[in-house]
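Colleague: what would the 3D arrangement of this be:
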Amino acid sequence: MTHSPSGLFQDVSVGPSHVCAIRADGTLACWGERNAYGQASPPPGRFVQISSGALMSCARNADNRVACWGAKESFRSIHNRQAHSVHAGWKHTCVIELDGTLSCAGTDDDFSHPPPGRFVQMDMGVGHACALRADGTVACWGRDEHGETKPPGG
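Modeller: Alright, predicted model coming up:
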């Protein structure tokens, strides 16, 4: 059965068993099959960016402050931090800091040491992540089970 929330939205992010979205007025709405860790129970407030992982969700407000909810061990040092963007993965969360550097938190040691440099965009998979540097090059890290962390040369 398909569930379509009512209203207008400005951003949406899909986790494995829940979805969170930012309504047109900036408030959050989450829904889905699982909420075992509170990952589908968003906080109040107005937000401009959302990211849903497996056990958590995070959103960033207009003042660049990050709010996360769900399994705390997946985001502990990221919550309430100021950042350019927030990205939730399987059991980990990363931010692009205001200065363009990366910071990550969570229970997956493969994400403990993101690459150095200045970044403008990133995305996360289950066991790996890639980020776009300000100079246009790509850096990937995490588990390399299928060559995911080795982008082709330019």
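Colleague: residues in contact with stretch 26-41?
Modeller: With contact meaning C-beta atoms under 8 Å, 6 or more residues apart in numbering, stretch 26-41 is reached by 3, 5, 7, 9-10, 15, 17-23, 42-48, 50, 52-57, 59, 62, 69-71. Every C-beta, even on glycine, is put in place using the N, C-alpha and C of the backbone.
Colleague: and stretch 81-88, end to end?
Modeller: Start-to-end span of stretch 81-88 (C-alpha to C-alpha, to the nearest Å) is 14 Å.
Colleague: er, stretch 122-132 actually
Modeller: End-to-end span of stretch 122-132 (C-alpha to C-alpha): 6 Å.
Colleague: what mean pLDDT would you report for that stretch?
Modeller: When pLDDT is averaged over stretch 122-132, the result is 90.
Colleague: now do stretch 60-72
Modeller: Stretch 60-72 shows a mean pLDDT of 95.
Colleague: list the buried residues for it?
Modeller: Within stretch 60-72, the residues that count as buried by 16 or more other C-beta atoms under 10 Å are Arg60, Asn64, Val66, Ala67, Cys68, Trp69, Gly70, Ala71.
Colleague: among the residues you listed, which ones are in strands?
Modeller: Arg60, Val66, Ala67, Cys68, Trp69, Gly70 (DSSP state E).
Colleague: so the third one makes contact with Phe47?
Modeller: Yes. The criterion here is C-beta atoms under 8 Å, and Ala67 meets it with Phe47 at 7.4 Å.
Colleague: any chance of TSV for the buried residues of stretch 60-72, columns distance to Asp135?
Modeller: Formatted as TSV, the buried residues of stretch 60-72 follow (distance: C-beta to C-beta, whole Å):
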residue	distance to Asp135
Arg60	24
Asn64	23
Val66	26
Ala67	31
Cys68	30
Trp69	35
Gly70	34
Ala71	35
